[in-house]
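Q: Model the structure of this input:
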Amino acid sequence: MSRPKIVAGNWKMNTNLPEAIQLASAVAGRVNDADGVVKILIPPFPFLTETKKAIEHKATLHLGAQNCSTHDKGAYTGEIAAGMLKSTGCKYVLVGHSERRQYFHETHADFVKKAEQAFAHGLTPIYCIGETLEQRKNGSHYELVKNQVKEVLGAFKPEQIGKFILAYEPVWAIGTGETATSAQAQDMHAHIRMVLAELFDKTTAQQMPVLYGGSCNAQNAPELFACADVDGGLIGGASLKADDFCRIIDSF
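A: Reported below is the predicted structural model:
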């Protein structure tokens, strides 16, 4: 069974409403449903509904969210529940992004709860894993990534595990202009599949999409996407320019 090809654009805390509509409309006008690539736009929360309106005529262009609450509902001012995201048309939600780990001190226990909320409301979690430069330099990156997978996916039933998408983020290559070489990306993605086979089974390892998420751009995407175990990209800065994002999609 072949794995899906996926390109997701994480806009982070960028754009205002007119810019978000313009960007989403430009991407929708450029992408081709016949290419078989699953395309996901992940705008800031206030722009989800308008982004959905701009892309809903494209069958392979979907809406995602950057985060969700660990809670289903209640007195949690400023939080966004997975059910709220679902009601806007979201199909995907990021869980465990390195910036949530670093700046907001979120833990594996938080990510388990968030993924549980995602599944409860029919959303697909895109679970982000990856090491810092220090962890890579001291040689702990393989074990670290293994633990990141184990601590979250290990909390779920077999039928749920297969519904995850993983995104490998070498944290040292996010927003720095540095990119893991295609050999480094393939090496870690192959390691992730080995970990999945060890923790679960070979079928899970072979069928789970694993995206690359570290300064992927229109220039390096073809080489990265040609790697045997790289199934697409979680794109940051390059997703803010419609032409660059669509050129990345065309890189398969």
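
Q: Residue 170 contacts residue 216, correct?
A: No - when contacts are counted by C-beta atoms under 8 Å, residue 170 is not listed as touching residue 216 (10.7 Å). C-beta here means a position set from N, CA and C on the backbone, and glycine is covered the same way.

Q: Double-check residue 173 against residue 181; I have them as touching.
A: No - between residue 173 and residue 181 there is no contact under C-beta under 8 Å: 10.0 Å.

Q: Show me where the stretch 151-252 of the chain has its strands.
A: Assignment of strands within the stretch 151-252 of the chain using DSSP state E, counting those that start in this stretch yields the ranges 165-168, 210-212, 232-235.

Q: just so I know, which of these lies nearest residue 23?
A: Proximity to residue 23 (C-beta to C-beta) singles out strand 232-235 among those, at 12.6 Å.

Q: can you give me how far the strand or helix carrying residue 142 is from the chain middle?
A: Secondary structure assigned from DSSP states H and E places residue 142 in helix 141-153. Relative to its chain's centre, helix 141-153 lies at 16 Å (C-alpha atoms, centre = their mean, to the nearest Å).

Q: Save the strands of the stretch 151-252 of the chain as CSV, and put in mean pLDDT too.
A: Listed next are the strands of the stretch 151-252 of the chain as CSV, based on pLDDT from 0 to 100:
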stretch, mean pLDDT
strand 165-168, 98
strand 210-212, 97
strand 232-235, 98
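
Q: Quick check: mean pLDDT of stretch 45-62?
A: This predicted structure assigns stretch 45-62 an average pLDDT of 98.

Q: what residues does that stretch touch?
A: Contacts of stretch 45-62 from elsewhere in the structure, counted by C-beta atoms under 8 Å, 6 or more residues apart in numbering, are 15, 17, 20-21, 24-25, 27-28, 31, 33, 35-41, 43, 63, 65-66, 80, 85, 88-92.

Q: now the end-to-end length of stretch 56-66.
A: Its start and end residues considered, stretch 56-66 measures 19 Å (C-alpha to C-alpha, to the nearest Å).

Q: Could you shift the numbering so residue one becomes 673, and keep it that way?
A: Sounds good: first residue 673 from here, last item stretch 728-738.

Q: re earlier: list the neighbours of the helix holding residue 814 that are in contact with it.
A: Contacts with helix 813-825, where a contact means C-beta under 8 Å, 6+ apart, come from 767-768, 780, 783-784, 787, 799, 801-803, 807, 833, 836, 838, 840, 860, 863-864, 867-868, 871-872.

Q: Can you say which of those are buried?
A: Buried residues within those, defined by neighbour count using 16 or more other C-beta atoms under 10 Å: 767-768, 780, 783-784, 787, 799, 801-803, 807, 833, 836, 838, 840, 860, 863-864, 867-868, 872.

Q: Narrow the contacts of helix 813-825 to those in helices?
A: Mapping the contacts of helix 813-825 onto helices (DSSP state H) picks out 780, 783, 784, 787, 807, 833, 860, 863, 864, 867, 868, 871.
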